[in-house]
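1. any chance you could fold what I've pasted below:
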Amino acid sequence: MKLIKQSMILSMIFLICSFNNRNPENPEKSTLFELFALAPITLFDGTSEGITIEEKKDLCIQKESDSWKITYLTDEKMEVTCKYPSSSITLFTLERKSKSPILVAFTVNERNTSVELWEKDKGGNLEKVELLPTVHAKDFFFIENQFDGLSKYNNNVYYSVDTEKFIIGAGLYTWMEKEFEFRPVDFQIELKWDGEKFYPDKQVIVD
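-> The predicted model follows:
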C-alpha cells in the first residue's frame with residue numbers, strides 16, 4: 001500500500017513538472033527536469049542527508065525544500081545542492097538513438113563521489129541501469145609497467161564527471177599506496193558515449 005501511495009505521489013509530481021517544463025520543440029521527449037521528477041528518492045541515497053517524497057515534491061514545485069535547493073537549471077544541466085553543505089547532485093542527459101535519454105547523476109558527498117545512470121522503463125518509471133564499462137587497475141598502465149598483484153587494486157578504480165564538458169572519466173586512487181609511490185599511471189581514461197553504449201578512450205599521460 002505504501003509503495004502504491006509513493007508511486008501516485010511521484011506521478012503527481014511528474015504531471016506538475018510536465019506542465020511547467022514541457023519541451024516546446026518536441027512535446028513527446030522528456031526534459032531533464034521531467035526525468036528528475038520521475039526519479040525515485042533513492043536518487044539521493046548517495047548523499048548524507050537523503051530526501052523524503054514530500055520534500056522532493058517541494059523541490060520539484062518550488063525549486064526548494066527544507067534541506068535542498070535547485071541552484072542551477074538549464075535544458076542541459078541541473079544542480080541540486082544541500083543547504084547544509086556537504087552534498088550535491090549534478091544531472092545531465094545522454095541522448096540515445098533508439099530509446100529515451102539516459103539520465104546521469106553525479107553525486108558529491110564530501111570527499112566521496114558516485115556516478116549513476118537512470119532510464120525510463122516500459123511503464124514510464126525511472127530505474128537505475130548499469131551501463132558503465134568495468135575498468136580495471138591494469139587498464140591504467142602499459143603492459144610492461146603492470147605488476148603482480150595489480151588486480152587487488154581494482155577496488156581503487158573510481159568514476160568521476162567533468163560537469164562542464166559532460167564527460168565521464170575513470171581514475172585510479174593511488175594516494176598513500178606504497179605500490180604506486182614510484183609507479184605513476186600511464187593512461188587517463190574517458191568513457192565516451194556513442195549514442196548506444198560507452199567505450200573506454202585511453203590517452204597517454206605526457207609529463
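
2. buried residues of the helix or strand harbouring residue 71, list them for me.
-> Secondary structure assigned from DSSP states H and E places residue 71 in strand 68-73. Within strand 68-73, the residues scored as buried using 16 or more other C-beta atoms under 10 Å are 68, 70, 73. Every residue, glycine included, has its C-beta placed from N, CA and C.

3. what angle do the helix or strand residue 60 falls within and strand 68-73 make?
-> In the assignment (DSSP H and E), residue 60 maps to helix 53-62. Angle between the axes of helix 53-62 and strand 68-73 is 30 degrees (criterion: axes from the mean of the first three to the mean of the last three C-alpha atoms, to 10 degrees).

4. helices or strands next to helix 53-62 in the packing?
-> helix 2-21, helix 32-38, strand 68-73 (3 or more C-beta pairs under 8 Å, 6 or more residues apart in numbering; DSSP states H and E).

5. center of the chain - which residue?
-> The residue lying closest to the centre of the chain (C-alpha atoms, centre = their mean) is residue 105, at 2.3 Å.

6. skipping its backbone neighbours, what lies nearest it in space?
-> residue 116 (4.6 Å; C-beta to C-beta, 6 or more residues apart in numbering).

7. repeat for residue 100
-> residue 120 (4.6 Å).

8. tell me what that neighbour is bridged to.
-> Beta-bridge partners for residue 120, by DSSP bridges, are residue 126.

9. can you give me the distance of the residue with the largest distance to the centre of the chain to residue 151?
-> In the chain, the residue that sits farthest from the middle, by C-alpha atoms, centre = their mean, is residue 144; the gap is 33.9 Å. In this view, residue 144 and residue 151 are 17 Å apart by C-beta to C-beta, to the nearest Å.

10. ok so residue 152 is a strand residue?
-> No: applying DSSP: H, G, I helix; E, B strand; the rest coil, one finds residue 152 to be helix, outside a strand.

11. residue 118: what's it in contact with?
-> By C-beta atoms under 8 Å, 6 or more residues apart in numbering, the contact list for residue 118 reads 35, 39, 43, 102, 103, 105, 126, 127, 128, 129.

12. and the protein, what are its domains?
-> Domain assignment for the chain by automatic domain parsing gives 2-129, 137-204.
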